[in-house]
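Participant: Structure of the sequence below:
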Amino acid sequence: MKKILIVSSVSRQFYLFEQGNIEVLKSLGYEIHAAANFNDANERLDTLDIIRHHFDIERSPFSYKNLKAYGQLKNILKSEKFDAIHCHSPIGGVLARLAAKAVGNCPVLYTAHGFHFYKGASLVNWAMFYPVEKLLARHTDHLITINKEDFNNANKFKAGQIHYVPGIGVSTKLFNENAVSREMKREELGISENTMVLLSIGELIKRKNHETLIRALLKVKKKNFVLLICGRGVLESYLKELTISLGIQEKVRFLGFRNDIKEICVASDIFVFPSYQEGLPVSVMEAMSAGLPVIASEIRGNIDLIQNGIGGYLLNPDDIDGFANSIQILIEDAKLRKVMSVKNKDEVKRYDISKVKARMIEIYSSL
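Facilitator: Purely as a prediction, here's the structure:
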C-alpha cells in the first residue's frame, strides 16, 4: 500500500481543513499518516482514519523548538519511507521540505493556505517570507495555491508544477438540506424571530480584526440586532471588556468554539468579516452557502469570493464607518438581502467540495 505523510504545525489542521484530501487519498489507496504537534488534539481527530506522528513543531518561526522538530521529522521520514509528503502551514511547509530534501526519498506537495507576503502586507513580511518561499519552491514538486493573488505570485517561483485549487471546498449540499430549521436554532440560542442576527466567525486574534466590527456597532442606528461571534483566542477577555466599555455588551454574544456553524449560519441574517489577512476563508464560503450577504474586508481571498455591491460589500478593514453603514443598509433592506443571498448561493458553487476533490484527484494521481 502507498503511504503519504500530511504535515502541519497543529493537529486541528487535519479535521478542519484536510478531511476532503484524506477522503481523496483513501479512494486512491493510500495509507495516511499525519505529523503535527498534537498538543491541541481533540476528539474530532478520532473520526479520521490517520496514523499520528507527534513532533514538537511550533507555529512561531522564531521558536528554537523547531530545530528539534526538524530532526524529529527527518527521523519520521527515514523510518516510514513514504511515497509522498503533503505539507501545510508556513512552518510545516519549511520543515517538511527541508527534511524531505535531506532525506531525499519522495515527492513533496505544499499547499499555501495564504502566503504571508501579499498586497498590503508589511515590508517585514515580504523580506522574511518571500525569499524563503521562493527558495523552497525549488524543492517542491507540486505547489498548490488557493486564491488568484497567491497563484500569480507562485508563478514567479521555480516549483515543479504550480496549481490553482479553489480552496479546501465547502459542502453546499449540506446547507441546502436545512437539517436544522432557522426557527429551531434561534429558539435554542434564545433569539427572537424579529431580531436581526449578525454573525462573525474566526479566532479572537488581531488578524481577524473583531475590534473594528465591535466599534462599528456603536454607529448602527437600528438597535434590534445581536452580533454572534464564534471562535476563541487570546483577545477574548479584551474584546469582552471592550463591549462593556462601549456599553454594547447586550448586543454581542461570544459563543466560543462551535461544532454547529452550519446551523448558526442558517439562523443568521448577515455575515461580517473584517479580517486583515486570509487565504480563501472557509467561513465566508459557509456563509455564502447559507445564503447570507457578506460584509468583508477588501483583501486577498475575500475578493475572490465576494463582488462588491453584488454579494455584499468590500471595505478597508479599518473602515469603522463603512462597516456600520453597510450593516445599516442591509438591516433596513430585506429585498437587497434576498438578492445578495441568491447571488452568493450561486457563486459559491464554484468552490464546492466536489470540484476541489476532482482537482486533488488529478494532482495526487499525477504523482
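Participant: Just the helices from the stretch 251-367 of the chain, written as ranges.
Facilitator: Remark: helices assigned in the stretch 251-367 of the chain by DSSP state H, counting those that start in this stretch are 261-266, 282-289, 302-305, 320-332, 334-347, 353-365.
Participant: Could the C-alpha coordinates of the third one be exported in PDB?
Facilitator: Spelled out, it's helix 302-305. C-alpha atoms of helix 302-305 as PDB (Å, rounded to 0.1, in the frame of the first residue of the first chain):
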ATOM      1  CA  ASN A 302     -12.300  37.800   0.200                       C
ATOM      2  CA  ILE A 303     -12.100  39.500  -3.200                       C
ATOM      3  CA  ASP A 304     -12.100  36.000  -4.900                       C
ATOM      4  CA  LEU A 305     -15.400  35.200  -3.300                       C
END
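Participant: which residues are in contact with it?
Facilitator: Helix 302-305 is contacted from outside by 147-148, 273, 275, 278, 280-281, 284-285, 288, 294, 296, 311, 314, 347-348, 351, using CB atoms under 8 Å, 6 or more residues apart in numbering. The C-beta positions use only the backbone N, C-alpha and C, and glycine is treated the same way.
Participant: One more: stretch 47-56?
Facilitator: Residues contacting stretch 47-56 (CB under 8 Å, 6+ apart): 5-6, 11, 14-15, 19, 22, 26, 31-38, 45, 65, 68-69, 72-73, 76.
Participant: Now do the helix or strand hosting residue 131: which elements does it pack against?
Facilitator: Using DSSP states H and E, residue 131 sits within helix 123-136. Applying 3 or more CB pairs under 8 Å, 6 or more residues apart in numbering; DSSP states H and E, one finds that helix 123-136 contacts helix 90-103.
Participant: could you point out the longest helix in the chain?
Facilitator: helix 65-80 (DSSP state H).
Participant: Just the buried ones from the contacts of stretch 47-56?
Facilitator: 5-6, 11, 14-15, 19, 22, 31-38, 45, 69, 72-73, 76 (16 or more other CB atoms under 10 Å).
Participant: From residue 316, how far out is residue 193?
Facilitator: According to CB to CB, to the nearest Å, residue 193 stands 34 Å off from residue 316.
Participant: and what of residue 118?
Facilitator: Residue 118 sits 15 Å away from residue 316, taking CB to CB as the criterion.
Participant: okay, these two: which has more neighbours?
Facilitator: residue 118 (21 against 14; other CB atoms under 10 Å).
Participant: Okay, and that one sits in which element?
Facilitator: Applying DSSP H and E, one finds residue 118 in no helix or strand.
Participant: Which members of the buried ones among the contacts of stretch 47-56 are positioned in helices?
Facilitator: 14-15, 19, 22, 69, 72-73, 76.
Participant: Tell me which two of these sit farthest apart.
Facilitator: 19 and 72 (25.3 Å; CB to CB).
Participant: Lowest-scoring secondary structure element of this structure by mean pLDDT?
Facilitator: The weakest-scoring helix or strand in the chain, judged by mean pLDDT, DSSP states H and E, is helix 172-177 (a mean of 77).
Participant: Beyond it, next helix or strand please.
Facilitator: helix 182-189.
Participant: Relative to residue 103, how far out is residue 141?
Facilitator: Where residue 103 is concerned, residue 141 sits at a distance of 14 Å (CB to CB).
Participant: Check residue 28 too.
Facilitator: In terms of CB to CB, residue 28 sits 23 Å off from residue 103.
Participant: Run through the strands of the stretch 151-300 of the chain in chain order.
Facilitator: 161-164, 196-201, 225-230, 252-256, 270-273, 294-297 (DSSP state E, counting those that start in this stretch).
Participant: before we move on, back to that, what are the contacting residues of the least confident helix or strand of the chain?
Facilitator: Taking CB under 8 Å, 6+ apart as the rule, helix 172-177 contacts 262, 265-266, 286, 289-291, 345, 348-349, 352.
Participant: swap the cut-off to 6 Å and go again
Facilitator: Applying CB atoms under 6 Å, 6 or more residues apart in numbering, the external contacts of helix 172-177 come out as 262, 289-290, 348-349, 352.
Participant: Run through this structure and note the low-pLDDT ranges.
Facilitator: By pLDDT under 70, the low-scoring segments of the chain are 177-180.
Participant: how about 80 then?
Facilitator: 105, 175-180 (pLDDT under 80).
Participant: okay, now the domains of it?
Facilitator: If you go by automatic domain parsing, the domain ranges for the chain are 2-169+352-365, 172-351.
Participant: Run through the residues that contact residue 45.
Facilitator: With contacts defined as CB under 6 Å, 6+ apart, residue 45 is in contact with residue 15.
Participant: That one and residue 54, how far apart?
Facilitator: 12 Å.
Participant: same check, this time on residue 176
Facilitator: Here the criterion is CB to CB. By it, residue 176 lies 39 Å from residue 54.
Participant: who has more neighbours, these two?
Facilitator: Ranked by neighbour count (other CB under 10 Å), residue 176 and residue 54 place residue 54 first, with 16 against 11.
Participant: backbone phi and psi for the more buried one, please?
Facilitator: Main-chain dihedrals, residue 54, degrees, to the nearest 10: phi -80, psi 140.
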